[in-house]
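Peer 1: The amino acid sequence is not available; the structure is as follows:
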């Protein structure tokens, strides 16, 4: 399974929130870079931040779900 980056976050809680949302919608995903981000938060952008990755074949579905998630947040 080829993993691709869906989104890069500044903090792990942001990434974990979206991970939970995607997994609730049957999209398996993985968080990378969280140890470095938690330890050296000030260096997040230079270290690549916290990356949320999905299987390449699920990328389009994950992008749509992510868009829907942020639209839902804007409507509240």
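Peer 2: Thanks, I have it. No experiment lies behind these values; they were computed from the predicted model shown.
Peer 1: does the spatially most central residue of the chain count as helix, strand or coil?
Peer 2: Taking Cα atoms, centre = their mean, the centroid of the chain lies closest to residue 52, which sits 3.2 Å from it. Secondary structure for residue 52, judged by DSSP: H, G, I helix; E, B strand; the rest coil, is strand.
Peer 1: who's in contact with it?
Peer 2: Residue 52 makes contact with 5-9, 15, 18-19, 22, 29-31, according to Cβ atoms under 8 Å, 6 or more residues apart in numbering. Bear in mind the C-beta positions are built from the backbone N, C-alpha and C, glycine included.
Peer 1: if we go to 6 Å?
Peer 2: 6-7, 15, 18, 29, 31 (Cβ atoms under 6 Å, 6 or more residues apart in numbering).
Peer 1: looking at the sheet around it, what are its partners?
Peer 2: residue 7, residue 31 (DSSP bridges).
Peer 1: Please report how far it lies from residue 20.
Peer 2: Residue 52 is 11 Å from residue 20, where distance means Cβ to Cβ, to the nearest Å.
Peer 1: just residue 57 next, same as before
Peer 2: 21 Å.
Peer 1: circling back: among the contacts of residue 52, which one has the most neighbours?
Peer 2: residue 15 (26 neighbours; other Cβ atoms under 10 Å).
Peer 1: longest single helix anywhere in the protein?
Peer 2: helix 59-75 (DSSP state H).
Peer 1: Check which helices and strands that one sits against.
Peer 2: On a contact count with 3 or more Cβ pairs under 6 Å, 6 or more residues apart in numbering; DSSP states H and E, helix 59-75 meets helix 12-24.
Peer 1: list the buried ones in the helix it packs on?
Peer 2: 12, 15, 18-19, 21-22 (16 or more other Cβ atoms under 10 Å).
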